[in-house]
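# need coordinates for the below:
(chains A and B)
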Amino acid sequence: MRPKTTATGMAAIALILAVSTACTSSSSSSPPSGGAKSSAGSSSSSASLAGFPRSQTLYTSGTAYAPPSNWNPFNIGNMATGTQGLVYEPLFLYDPIKNTYDPWLASSGTWNGNTYTMQVRNGVKWSDGTTLSGADVAYSINLAMTNKNSPFNSNVSTVKSATASRNTVTVTFNGTPGYSDWQDYLWKAPVVPQHVWSKLAPSQLFLAANTHPVGTGPMLLDTFNSTEVAYKDNTNWWAVSQLGLSFKFKYLVDVVNGSNNVELSALSAGQIDWSNNFLPGINQLVSGLNGAGGYNISTFYKKAPYMISANTAWLEPNTTKAPMSNVNFRKALAYAINPQQIVQAVYGGIVQAASPTGLVPTLSSYVDSNVVRQFGFSYNPSLAKQYLAKSGYSGQAITLEVPDGWTDWMAAIQVITSDLNDVGIKCTPIYPQQTARNSDLTSGNYDLAIDNNASMDSTPWSYFQRVYNLPILAQQTAQLNWERFSSPKDWSLVQQAGSTALTDTAKLDSIYSQLESDFLQQLPEIPLWYNGAWFQGNNQYWTNYPANGTSNENTPVMWYGYLGAMTSVYGLAQLKPAPPVKS
Amino acid sequence: MRRYFTRKVITYVLAFFVGASIDWGIPHLMPGNPVQLYLSNFNLKPAGYNALYQTMSQAFGTNLPLWQQYLHYWGGLLTGNWGVSFFDFPARVTTLIFQALPYTLALLVPAIVLSYIVGNKLGAAAARRRLLDNTVLPVGYLFQAIPYPWLALALPYLLGVVWHVFPISRGYDESLLPAFSWTFISSLLYHWFLPFLTVFLVSLGGWAIGMRNLVIYELENDSSRYLRALGASERVIRRYAYRSASLPQLSGLALQLGIVVGGNIVTEYAFDYPGLGHLIFQAISNEDYFLLQGIFIFIIIGVLIANFIIDIVYITVDPRTRLSMQGAPA
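So this is what the prediction gives:
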């Protein structure tokens, strides 16, 4: 009896050891590879290294929800963190705080009638040693034009041709250029090397895993496994000599997200330096203890709202269905809800209430204050009751839905339904699964929903496109006009705005002011609050995080659309190692 | 003997066929469409959306009629091509599973085996000593009655957040790269301990209670009385009683080990432990058909193999089964 159990015990211990070694070998030596072109073998050049020296490594989180497995810059919804921005770069960067476009891989770009000419920056090298040329840029534009699978295909729909002569790239357009679409292309799309991507079959443009990415960016893919992706410093990065930017960290490790409590404890314990997770209650760590609570955590603003406003959460009424089809009913909704209550009770002040137009604060220069003064709305239950009386609402029960598990929105709609019930609108909150909720919204099979389709952008154009896009299909698959509001006049205004040169500010201002005025009078969507570009940095190992009123006033976000499009890369370059802790 | 095994093998093949078919059917009959969910975070315009929708549907074969998808599924299953994951595109399902499997096995096999050994010993001892019976048993009931999620919160809170003894999440320290080195293995063990402890503790009570009752029953059995009448020492009697009492426990153990390959969703989610349970959770929330199918096929195979092994083990440890196979009355 006795020897036998000992044997079992030994076997159990042996198993632990065997398995632990098995697990080490399996996660380091088998990088996931898809059906796409990706040669086997780890891309790691420092695989022999046991780990990352803490003082030379920046740990980030809040972007990846799946193990990193592709570095394809065209797979914009699924690529590993940093693919765009750390490896691939755009032609320009958009600075939402200063509202400027900074030359990046292009050193300049000018319109001349219907032709756009740009100079591609000299002295930029791909990570395989080849020089970036105008031909690479022209190739990237042509790739977007000819390959329907490119997510930038619609950005270049008015482009006729793009040709290169040395470092000069000339882009001609068919008829009136789609200025806004093209401008978006300039700061959102990656420039890819022709000598690599031209070898790829067109069908693979989107599907390739691209596990050995060749880019121009500040970092090189070092290694990856199921829980993180690691980049290391690209010492040949052009901006070091040309713009004097450099990363003080040698490695950047982006960790796949765990649950909220895991992320919060990892941040406060200093395991994560730069977190883009939504962490409810972070304001208490930042301000409640007056920064003296030992947490040493920075946010972009020192006080409420702490975060840069990133997108507009709005109440989305199904405008094809009674009573939501009635404009007075929608006005009743708008006046009945108290967003301030949501901001405080649900978010603890880390978001802010939306302005009536719903345009995020970085776009405030486009907001016509006269229009807002005249047609804007605010919390006013008695006015809500008046509109409700005019709407002919007969007491129908309606529902308000958000995806199950989105805890902040679930709490928010409890506040909203209670506000609505107070003015006499019978509304109940429901929480379907996300897939079911998506299918409800895309097929127009809902009453009210919370949504945040329009995110921070360089102009109000994409915002109004999301509101007014026509035609309305049985399945509104793209995230446009899910409220199914039909206003051909406003849709034509949006199209006009898209084909107006960005320099023609007088015309753009008048179009946007008309759109704002129509928006406020029709209320196809009811803006409630701005979700934040969630960011919190721990100062234990790195300091000088992006913050308002400092020299580092940059977007502190690693998400796609920010890194490699807005100014996150400047923010990373300004981080400094924290002085050693005195003990 | 041969007849016995032929019959078993046929049963297993049938069970596998039915199991695998259900495994295919459930995700495919779920409402919603994974390609649509996949593209929902792309922010595309209608034309671009439609182009990508077609490309993705073709790449995954979800544009084919269901019967064709079903045939492809079997084709892939038998040739080892389990497809490509949606949520972690374009990682192969088998790659993801084999990445996660070691964590799950290392966590659950020791927890189950050790709790089995310790629990049975405790239970058997409790059956004989009143003092132990009065202490071990209530504690066992307590651990068995504690809702696991509560324990998975309370232990890491105390040992991780308050006392900083153990890390509360992930499989190993983020600053390390998987390598066959003492630093890495110690980090692995360090992160492994808390989740292990919670699973170990909740399983312990059940085994102890079960064993205690079985041993008491066996000690009062006619065979034990007979042994006693023959003048055998209490020690010998206890040993026989323990062996008989182990039988039902053993089949319980086998079943638990069989479903081990499915991971433990709650544990792995609570501790952010990168095993199969964690993967199942992600596969379900992303409607990742292929990943979900792959993991469940794994579970089906695991349960069938475990059953098969327990059949064989029973033959060796239980003389009655052996006799019945040879045609003698049990």
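# give me the below-cutoff pLDDT ranges for chain A.
A:1-50, A:287-294, A:581-583 (pLDDT under 70).
# max-length strand in it?
Identified as the longest strand of chain A according to DSSP state E is strand A:308-317.
# need the CA coordinates for stretch A:177-193. PDB is fine.
Below are the C-alpha coordinates for stretch A:177-193, written out as PDB (Å, rounded to 0.1, in the frame of the first residue of the first chain):
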ATOM      1  CA  PRO A 177     -11.700  64.300 -55.500                       C
ATOM      2  CA  GLY A 178     -13.200  62.700 -52.400                       C
ATOM      3  CA  TYR A 179     -11.100  65.000 -50.300                       C
ATOM      4  CA  SER A 180     -12.200  63.600 -46.900                       C
ATOM      5  CA  ASP A 181     -11.700  60.000 -47.900                       C
ATOM      6  CA  TRP A 182      -8.300  60.800 -49.400                       C
ATOM      7  CA  GLN A 183      -7.300  62.800 -46.300                       C
ATOM      8  CA  ASP A 184      -8.200  59.800 -44.100                       C
ATOM      9  CA  TYR A 185      -6.100  57.600 -46.300                       C
ATOM     10  CA  LEU A 186      -3.100  59.800 -45.800                       C
ATOM     11  CA  TRP A 187      -3.100  59.300 -42.000                       C
ATOM     12  CA  LYS A 188      -4.800  56.000 -41.500                       C
ATOM     13  CA  ALA A 189      -3.400  53.700 -44.200                       C
ATOM     14  CA  PRO A 190      -0.100  51.800 -44.000                       C
ATOM     15  CA  VAL A 191       2.700  52.200 -46.500                       C
ATOM     16  CA  VAL A 192       3.800  48.700 -47.400                       C
ATOM     17  CA  PRO A 193       7.000  47.600 -49.200                       C
END
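# roughly how far apart are the residue in the stretch 1-150 of chain B positioned nearest to chain A and A:Pro67?
Closest contact between the stretch 1-150 of chain B and chain A, by Cβ to the nearest Cβ, is at B:Pro90 (2.3 Å). For every residue, glycine as well, the C-beta is placed using N, CA and C. Plainly put, B:Pro90 is 12 Å away from A:Pro67 if you go by Cβ to Cβ, to the nearest Å.
# re the thing from before, tell me the helices and strands packed up against the longest strand of chain A.
In this structure, strand A:308-317 makes packing contacts with helix A:327-336, helix A:407-423, strand A:448-451, strand A:526-533, judged by 3 or more Cβ pairs under 8 Å, 6 or more residues apart in numbering or on different chains; DSSP states H and E.
# of the ones you listed, give the one that comes closest to B:Leu151.
Nearest of the helices and strands packed on strand A:308-317 to B:Leu151, taken as Cβ to Cβ: helix A:407-423 at 22.7 Å.
# burial count for the closest residue to A:Gln479 other than its chain neighbours?
Nearest residue to A:Gln479, sequence neighbours excluded (Cβ to Cβ, 6 or more residues apart in numbering or on different chains): A:Asn453, at 4.4 Å. Neighbourhood size, A:Asn453 [other Cβ atoms under 10 Å in any protein chain shown]: 23.
# ok, now A:Ala201?
Neighbours of A:Ala201 (other Cβ under 10 Å): 10.
# quick check: which element contains it?
For A:Ala201, there is no host helix or strand (DSSP states H and E).
# residues contacting B:Pro248?
B:210, B:214 (Cβ atoms under 8 Å, 6 or more residues apart in numbering or on different chains).
# can you rerun that using 7 Å?
Counting by Cβ atoms under 7 Å, 6 or more residues apart in numbering or on different chains, B:Pro248 makes contact with B:Leu214.
# let me know the secondary structure of it.
Secondary structure state of B:Pro248, per DSSP: H, G, I helix; E, B strand; the rest coil, is helix.
# ditto for A:Ala304
Under three-state DSSP, A:Ala304 falls in the coil class.
# count of neighbours near the closest residue to it other than its chain neighbours?
Nearest residue to A:Ala304, sequence neighbours excluded (Cβ to Cβ, 6+ apart): A:Gly349, at 4.0 Å. As a burial measure, A:Gly349 scores 16 neighbours (other Cβ under 10 Å).
# cool, and A:Thr299?
27.
# same deal with the one 5 residues further on?
Applying other Cβ under 10 Å, we find 18 other residues in the vicinity of A:Ala304.
# which parts of stretch A:118-126 are buried?
Buried residues in stretch A:118-126, counting neighbours by 16 or more other Cβ atoms under 10 Å in any protein chain shown, are found at A:118-121, A:124, A:126.
# meant to ask about stretch A:542-551
Buried residues in stretch A:542-551, counted by 16+ other Cβ under 10 Å: A:542-547.
# first-to-last residue distance for it?
16 Å (Cα to Cα, to the nearest Å).
# what does that stretch contact?
The contact list for stretch A:542-551, computed with Cβ under 7 Å, 6+ apart, reads A:58, A:273, A:298, A:300-301, A:537, A:552-556, A:571, A:574-578.
# which one of the residues in the stretch 251-400 of chain A is closest to chain B?
At 3.6 Å from chain B, A:Gly258 is the closest residue in the stretch 251-400 of chain A, using Cβ to the nearest Cβ.
# and the residue of the stretch 351-500 of chain A closest to chain B?
Nearest residue of the stretch 351-500 of chain A to chain B, counting by Cβ to the nearest Cβ: A:Thr435, 3.3 Å away.
# these two touch, right, that residue and B:Pro34?
No: under the criterion of Cβ atoms under 7 Å, A:Thr435 makes no contact with B:Pro34, lying 8.4 Å away.
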